[in-house]
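1. missing the sequence, but the structure's below:
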């Protein structure tokens, strides 16, 4: 479940973060579509059934911040 805090967080994001999100979202979208087609039955967010775009966004929100560590 998303809260109003997400909008505040997204508004203050740096340009580089938003650029990486925009560049990686299509990649994660393809991965989410392939994940739906394959009979594995696993989802990007365990316990929730999100839309394909929601799954791609959740995956990007998980992995893109690692680019800014270290």
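-> Yes, it's here. Just so you know, these numbers come straight off a predicted model, no measurement behind them. Residues are numbered from 1 along each chain as shown.
2. For stretch 32-40, give the mean pLDDT please.
-> For stretch 32-40, mean pLDDT is 85.
3. mind listing what's buried in it?
-> Within stretch 32-40, the residues scored as buried using 16 or more other CB atoms under 10 Å are 32, 35. Yep, even glycine has a C-beta here, placed from its N, CA and C like the rest.
4. those strands in this structure, which residues are they?
-> Using DSSP state E, no strands are found in the chain.
5. Any stretches of it with poor pLDDT?
-> 1-12, 40-47 (pLDDT under 70).
6. tell me the centre residue of the protein?
-> residue 57 (2.5 Å; CA atoms, centre = their mean).
7. In contact with it, which residues?
-> 25, 28 (CB atoms under 8 Å, 6 or more residues apart in numbering).
8. what's near enough to touch residue 13?
-> Contacts of residue 13 (CB under 8 Å, 6+ apart): none.
9. same thing but 10 Å
-> For residue 13, the contact set (CB atoms under 10 Å, 6 or more residues apart in numbering) comprises 19-21.
10. Which among those count as buried?
-> 20-21.
11. Please convert the contacts of residue 13 to a markdown table, extending it with distance to residue 68.
-> Compiled in a markdown table, the contacts of residue 13 are given as follows (distance: CB to CB, whole Å):
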| residue | distance to residue 68 |
| --- | --- |
| 19 | 12 |
| 20 | 9 |
| 21 | 12 |
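12. and which of the contacts of residue 13 is nearest residue 61?
-> Each of those was scored against residue 61 by CB to CB, and residue 21 proved nearest at 7.9 Å.
13. Hmm, residue 60 and the closest one touching each other?
-> Yes. In this structure residue 21 lies within contact range of residue 60 using CB atoms under 10 Å: 5.6 Å.
14. Overlap of the contact sets of those two?
-> With CB under 10 Å, 6+ apart as the test, residue 21 and residue 60 both reach residue 28.
15. quick one: residue 34 and residue 28, what's the gap?
-> Distance of residue 34 to residue 28, computed by CB to CB, to the nearest Å: 11 Å.
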